[in-house]
Structure formats: C-alpha cells, structure tokens
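Student: need coordinates for the below:
(one chain, ligands or ions: 1)
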Amino acid sequence: MNTRVTEMLNIMYPIIQGGLAHLAYAELAAAVSEAGGLGQITAMSLPSPDSLRAEIQKVRTLTTKPFGVNFAIGQHDRPYEEMLDVAIEEGIGVISITGGNPEPLIRRTDGYGMKRMVLVAAVRQAQKAEAIGADAVMAVGQEGGGHLGRDDIGTFVLIPRVVDSVNIPVLASGGIGDGRGLLAALALGAEGVEMGTRFIATQECVHAHAAYKQALIQATEHDTTVIKRSLGTPARVVSTKGSEHIIELEKQGVGYEGLREYISGRNNCRFIYDGDAEHGFGWAGQVVGLIHDVPTVQELFNRMMGDVNEFQTIIQKTFQGKP
Ligand SMILES: Cc1cc2nc3c(=O)[nH]c(=O)nc-3n(C[C@H](O)[C@H](O)[C@H](O)COP(=O)(O)O)c2cc1C
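Tutor: Model prediction:
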C-alpha cells in the first residue's frame, strides 16, 4: 500500500494508532509500528517529561520502526512544553496534536524535520491546520471514541469534505475497525486511517483491564453514549453504570463542578485499569459493534489486509458486472 501517508511516515500500512489516554504506552506503540503501522505514545498521560523520555527509550528497545508521540492538549491543565522538548531532543519524527490550538506546538517544532499531524472534526479546523503548517490531518467523525467535534458530522461525509478542502494528506478516523473500513476510507479520498477503540481490544494493550476489553467485545453499536455534551466537550464512551450516572447528572444540569469528580481521569482509570464499571467509564467508539475478539496487533493487521484483498476483488467483480 502506497499513499502520501506511508511515504511521509515511512510505514508499510497507512494505519495509525491514535492517542489513547492512559493506554498508549510502549508495548502497544511498538506492536503497532512493528506490525507495519504507526504506533504512538500518549505524552500527556505520563507524569513527567522524564517519564516520557523513558517511555520513548522503551519503545526503541522493542522496535526500530518509526513511531509517534501524541499531544492531547486542552484536556489537561498541565503544561506540554517540556514534554514537547523531550520529543524534539529524542528525535521523534512525528507528533499528533489534538484538543486545543495546535499552532504553538507547530511553531515550537518548526525546523526539526518533524511531521506534525492534527486531529480535526470539521473542514474549518482542517483548513486552519493546513494554513499553520500541519503535514497531515486526521479527520474524526462523530462515531469515534473519546473526544469528538461539536458538530456531529459522521465520518462518511466529513472525510470527502475535508479531502476536498485541503491539499495535505487526510487520514480518516472514527468508526474504522477492519479492512472494509480502511478500503472505504481510501475510496473517500483519505490516504490512511487512524484507529483508536479497535487497538484497545488487542493483546498488546496491556494496560487495559480485561473487563474493559470484554465490554468492548460485548457491546454492539448501540452501546456507546456521548458524555460531557453539556460542557461543550462531547466524548464517546462505552455505556457503563458510571457513564449513565454522568448523563443523569448532565440532565439535571449540575454543571462542571457537579460533574468534575465523575468525569475525571481518576474515574476513567477506575474502569479501564480496575474494571469498576459501577463507578468508572471508558472511552470507546461505535466501532465496538465490529469488535469480537482480542487479537495481537499483527493478527489484526493480517486480517485487515485479508479483508482488503477480499473486498477489492468483490468491488472489481461488481464493476465487471459479475455477481
Ligand atoms: C480510550 C481512548 C482514549 C483516547 N485518548 C486520546 C488521546 O489521549 N489523544 C488523542 O489525540 N486522541 C485520543 N482518543 C481518540 C483516538 O485517538 C481516535 O481519534 C479515535 O479513537 C478514533 O475513533 P475510533 O475509536 O472509532 O477508532 C482516544 C480514544 C479512545 C477510544
């Protein structure tokens, strides 16, 4: 597979593992990169710049392939500057930026030859990212897991809209979990995909509690919900008692102070690390409907490439008028 994304990132498959707060550490990032995609470490889940440096070095003991560092700014009140400087010092070739104004990060990394990818959820954000020097955008549709745009645009419309609006490569994100999704994304004009939820249910996502992985397997596409809409920062979770409680509080109009404890990172970890679905919550997208097992990342990629071959053949036959 050859697109501007595979060329730019020097990877075999145009598949990027999105930032996954509290889950994307060295084991997962290295497994994705080793299997031919681009793995990423999520910087802002780490407690300090030194721990980011250690995590980067750990990935390098596991793979010699390229990997990236994700910066989810805006959701965290901690400063990112020192973390970013560690990524620069360590010679990281690619970062992804989400959740806030990407411009200061892009300016700070100018001149280091680093590729900067920005997660967007609307055409105007993609155009802004291109104007300030992003090398690619990942456009996430409203079916995605974790934080979403406020405009509720689905992947199938968002991707071609963004592709028609910018010249830099576009990666499709939100709702992709198999080779059919990858093929569809390419058909929509994307030059790669970013997947989040699907990577949680893999063997190498070693930090995710078995109950979280099991919840993703058991859930159908009906079993996710959007929390924090009342705060203007909508984000999709797999439904748990904990998430239902948050929605209930939002309906009561309790505001940020009333929600703070329930939507905290600590409460997130209660489910994803401790398996406490009664109180905690875990981000996940509607793609849970397509997740039925916990393969290794390599098995997942093999399967996706099998899908691509199978469905490519079906499409070709369709064009040749054969059933
Ligand atoms: C558990 C979880 C945590 C996430 N944390 C982050 C994060 O820290 N940084 C980020 O840029 N995106 C984060 N995202 C978004 C993903 O990188 C990706 O854009 C999204 O999952 C794509 O949709 P999908 O889940 O349908 O594949 C997270 C998503 C999930 C499911």
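Student: alpha carbons only for contacts and neighbour counts from here, please
Tutor: OK.
Student: OK, contacts around M83?
Tutor: Residues near M83 by C-alpha atoms under 8 Å, 6 or more residues apart in numbering: 43, 48-49, 52.
Student: which bits of this structure sit near the ligand?
Tutor: Residues of the chain lying close to the ligand (C-alpha under 6 Å from any ligand atom) are 18-21, 42, 72, 98, 144-146, 173-176, 195-197, 283-285, 287.
Student: break down this protein into its helices, ranges please.
Tutor: Secondary structure of the chain by DSSP state H: the helices cover 4-9, 26-34, 49-62, 81-89, 103-109, 123-131, 155-165, 179-187, 197-200, 210-218, 241-251, 255-259, 265-272, 297-319.
Student: now those helices in a markdown table, with mean pLDDT?
Tutor: A markdown table is the format used below for the helices of the chain (pLDDT from 0 to 100):
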| stretch | mean pLDDT |
| --- | --- |
| helix 4-9 | 98 |
| helix 26-34 | 98 |
| helix 49-62 | 97 |
| helix 81-89 | 97 |
| helix 103-109 | 97 |
| helix 123-131 | 98 |
| helix 155-165 | 98 |
| helix 179-187 | 97 |
| helix 197-200 | 98 |
| helix 210-218 | 98 |
| helix 241-251 | 97 |
| helix 255-259 | 96 |
| helix 265-272 | 96 |
| helix 297-319 | 94 |
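Student: so which of these gets nearest G232?
Tutor: When those are compared by C-alpha to C-alpha, helix 255-259 sits nearest G232, at 10.5 Å.
Student: mind giving me the packing neighbours of the closest one?
Tutor: helix 241-251 (3 or more C-alpha pairs under 8 Å, 6 or more residues apart in numbering; DSSP states H and E).
Student: name the residues that touch the helix it packs on?
Tutor: So helix 241-251 is contacted by 225, 227-228, 230, 237, 258-259, 262-263, 277-281 (C-alpha under 8 Å, 6+ apart).
Student: do that again at 7 Å, thanks
Tutor: Here helix 241-251 makes contact (C-alpha atoms under 7 Å, 6 or more residues apart in numbering) with 227, 230, 259, 262, 277-281.
Student: can I have the buried ones of those residues as a ChimeraX selection?
Tutor: Filtering the contacts of helix 241-251 down to the buried ones (16 or more other C-alpha atoms under 10 Å) takes a single ChimeraX command:
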select :227,259,262,277,279,280,281
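Student: ok, the contacts of helix 241-251 vs the ligand, which is closest?
Tutor: F281 (9.8 Å; C-alpha to the nearest ligand atom).
Student: buried residues of stretch 78-98, list them for me.
Tutor: So for stretch 78-98, counting by 16+ other C-alpha under 10 Å, buried means 80, 83-84, 86-88, 92-98.
Student: closest to V140 out of the residues you listed?
Tutor: T98 (10.8 Å).
Student: okay, the closest one: pLDDT?
Tutor: Confidence at T98, expressed as pLDDT, is 95.
Student: what separation do you get for R150 and E81?
Tutor: From R150 over to E81 the distance is 27 Å, taken as C-alpha to C-alpha, to the nearest Å.
Student: wait, I meant R236
Tutor: Relative to E81, and taking C-alpha to C-alpha, R236 is found at 28 Å.
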